[in-house]
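*Asks:* show me the folded form of this:
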Amino acid sequence: MINRIVLVGRLTKDPELRKSNTGNNVCNFTIAVENRGRDQDGNKTTSFIPVVCFGNTADSTFNYTKKGSLVGVEGRLVQRKFTKNDGTPGSTFEVNADSVQFLDPKGTVQEEGESVSFDDTPAASSDNSSSSLDTLDLADDDLPF
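*Replies:* You can find the predicted model right below:
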């Protein structure tokens, strides 16, 4: 049987990091994934998928993502059973992530719709004017072809 899932979406809130009973780090977060189909009114629909990751993946996810971060998640779908407060059984599905890829541009984070740079370099201009990247001074020996 195959149980693999690959998702790309944005974190709906900051990830939460905790320790398991065995001392391993566990990170929980939820991603919003846009569905292909539309509802009866023609509006796009979104699924909110809970994700859990462990160990180094948990540490990295907690340290380098926050609400609004674009991530790619690869893992497997797991059904978790539990007992509700009223004593009735319940269950939920979540993704146990084997890997989490950070898909936002390096050094930037999404914060209330704006791109913020960590290295204080100005954001790229949106106009189509030519830049200093038009010409490169390279010796023919440095070219790979």
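
*Asks:* correct me if wrong: residue 11 contacts residue 31.
*Replies:* Yes: applying CB atoms under 8 Å, one finds residue 11 in contact with residue 31, separated by 5.9 Å. From N, CA and C alone the C-beta is placed, and that goes for glycine too.

*Asks:* okay, helices next: where are they in the chain?
*Replies:* 55-64 (DSSP state H).

*Asks:* quick one on the thing from earlier: overlap in contacts, residue 11 and residue 31.
*Replies:* residue 71 (CB atoms under 8 Å, 6 or more residues apart in numbering).

*Asks:* higher neighbour count, the two?
*Replies:* Using other CB atoms under 10 Å, the more surrounded residue of residue 11 and residue 31 is residue 31, with 24 against 20.

*Asks:* what about the nearest residue to that one once chain neighbours are set aside, distance to residue 104?
*Replies:* Take residue 31 and drop its neighbours on the chain: the residue closest to it by CB to CB, 6 or more residues apart in numbering is residue 9, 3.5 Å away. Note on residue 9: its distance to residue 104, by CB to CB, to the nearest Å, is 12 Å.

*Asks:* now residue 22
*Replies:* 32 Å.

*Asks:* same deal with residue 45?
*Replies:* With distances taken as CB to CB, residue 45 is found 24 Å from residue 104.

*Asks:* between those two, which one's more packed in?
*Replies:* Using other CB under 10 Å as the criterion, residue 45 and residue 104 rank with residue 104 on top: 17 against 11.

*Asks:* hang on, isn't the more buried one packed against residue 69?
*Replies:* Yes: the criterion here is CB under 8 Å, and residue 104 meets it with residue 69 at 5.7 Å.

*Asks:* which residues are in contact with the nearest residue to residue 78 once chain neighbours are set aside?
*Replies:* Of all residues not flanking residue 78 in the chain, residue 96 sits nearest, at 5.0 Å (CB to CB, 6+ apart). Contacts of residue 96 were listed using CB under 8 Å, 6+ apart, and they are 52-54, 75-78.
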